[in-house]
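Novice: Predicted model follows, preceded by the sequence.
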Amino acid sequence: MTGRAIDKVVNCETMHEVRVGVNALDDILVPLLVERGGYMTQAAKVKNDENLVYDQDRIDAIIERVRPQAEKEGGNADLIERIYRAMIACYIDYEHEELARMRAAGLQPRTEPGGNAS
Ligand SMILES: C=C(O[C@@H]1C=C(C(=O)O)C=C[C@H]1O)C(=O)O
């Protein structure tokens with residue numbers, strides 16, 4: 001098993017060292033955020049319903065998953081929850097944008113009740 005994320009933080013004496021560390025992590029984070037965004041496009045397509053984009057139960061389940069993960073890595077669960085809630089809000093906006101883009105390209109609203117949401 002690999003060590004905790006918090007134990008990988010390098011002690012820094014200068015802001016240059018801090019920013020080298022942050023930049024290196026951003027190089028990992030940005031591609032992952034892009035990939036996560038790709039699943040919002042997939043969600044928009046599968047749901048095909050503006051009323052299904054926001055899903056409180058799913059948000060609650062994600063928060064329940066990531067809080068203990070953050071603790072296991074030696075992190076602050078409240079901070080990670082705040083980041084996740086803000087991030088998910090952005091992705092929900094993006095999912096709406098993607099669904100609107102698909103509508104403009106001709107995607108018809110689904111007609112069956114219950115739809116494709118599962
Ligand atoms: C991707 C989904 O759509 C929305 C976006 C979520 C996310 O960013 O993970 C979570 C819940 C939904 O409100 C989903 O329902 O899973």
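Specialist: The structure has been received and is ready for your questions. Numbers count the residues shown, from 1 in each chain.
Novice: Now do stretch 101-109, average pLDDT.
Specialist: The predicted model assigns stretch 101-109 a mean pLDDT of 96.
Novice: Between the two ends of it, what distance do you get?
Specialist: Stretch 101-109 stretches 13 Å from its first residue to its last (CA to CA, to the nearest Å).
Novice: residues making contact with that stretch?
Specialist: Here stretch 101-109 makes contact (CB atoms under 8 Å, 6 or more residues apart in numbering) with 44-45, 48-49, 99. Every residue, glycine included, has its C-beta placed from N, CA and C.
Novice: how about the residues of this structure near the ligand?
Specialist: Proximity of the chain to the ligand (CB under 6 Å from any ligand atom) is limited to residues 40, 43, 53-55, 58-59, 62, 88, 91-92, 95.
Novice: By neighbours, which of those wins?
Specialist: E95 (25 neighbours; other CB atoms under 10 Å).
Novice: Would you check that my belief about it contacting M40 is correct?
Specialist: Yes - at 4.3 Å, E95 counts as touching M40 under the criterion of CB atoms under 8 Å.
Novice: between the contacts of stretch 101-109, which is nearest the ligand?
Specialist: In terms of CB to the nearest ligand atom, no member of these lies closer to the ligand than A44, at 8.3 Å.
Novice: I'd like to check which residues are in contact with the closest one.
Specialist: Under the criterion of CB under 8 Å, 6+ apart, the contact partners of A44 comprise 53, 95-96, 98-99, 102.
Novice: residues touching the residue lying closest to A70 once chain neighbours are set aside, list them.
Specialist: Nearest-residue entry for A70: I80, 3.8 Å, with adjacent residues in sequence omitted and distances by CB to CB, 6 or more residues apart in numbering. Listed by CB under 8 Å, 6+ apart, the contact partners of I80 are 66-67, 69-70.
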